[in-house]
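Student: Just to be clear, the model below is a prediction. Sequence and coordinates:
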Amino acid sequence: MKRSLAPDRRSAFSLVELMVVLVLIGVLSAMILPEMKGSFEDALLRSTARKLIDVFGLAYSRAVTLNQVQRVRLDRQTGRYTVEQSRTEDGQASGFAPVRDVPESQGLLDPRITLEIQTARDSTGLGSAGDTRFVSGADLAFGPREDAISFYPDGTADAAQVLLRDRAGFRLILRLNPITARAQVIAREPLRSQTAATEGAQ
């Protein structure tokens, strides 16, 4: 019995087909990876914002419950946050002291996120109940300010906002309502453009 000398025509990948598949994988990876990075950075910003919202909520509830001024101090260099309570000596206020033995009253934010506190300027009429304009960080540098936000027993808080920024330059703005003391993520745009839009609307 003679064997067939015809070439084996069973299906298989040729070198050209394999190269085409590898090129397609490379193109798809180049398209998907930047999107994945953007999604991760966005998730990191939002998780940091949620942590700050929880800390602000803790300070707010303590201020109302204990009838005592509380504040959240934020260290821009280290990313450490601390809830502090007002101290009194001989019936007079004498500064603040860190809250001890309370869960989540102290901690560290993700080191990949930088932050900046911006407060309303009372001397120019900002910070009133109906005014949402804020000065820039550059303007605030001309006057003394502390990297802390206070919460009061009547349920109000300092008019302030926190700018969170990741290493890629993406930013998120966390604004604190001075009337309700509630924090809310309001934008991911530069503060100056937002301020200009607010002033233009008025």
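Tutor: The structure has been received and is ready for your questions. Computed from a prediction, not measured in an experiment: that's the story for all the values here.
Student: ok, which stretches of the protein are strands?
Tutor: Ranges of strands within the chain are 70-74, 80-89, 92-98, 106-108, 114-119, 148-151, 160-165, 171-176, 183-187, based on DSSP state E.
Student: Flag every buried residue along the last one.
Tutor: Of the residues in strand 183-187, those scored as buried under the neighbour-count criterion (16 or more other Cβ atoms under 10 Å) are 183, 185. Any C-beta I mention is one placed from the backbone N, CA and C, and that applies to glycine too.
Student: Pretty sure residue 182 sits against residue 176.
Tutor: Yes: when contacts are counted by Cβ atoms under 8 Å, residue 182 is listed as touching residue 176 (7.4 Å).
Student: In terms of packing, which of the two has more residues around it?
Tutor: When residue 182 and residue 176 are compared for neighbours, residue 176 comes out ahead with 24 against 15, by other Cβ atoms under 10 Å.
Student: quick one: that one from residue 24, how far?
Tutor: Using Cβ to Cβ, to the nearest Å, residue 176 is found at 49 Å from residue 24.
Student: Now do the helices in this structure.
Tutor: Assigned by DSSP state H, the chain shows helices spanning 15-66, 137-140, 191-201.
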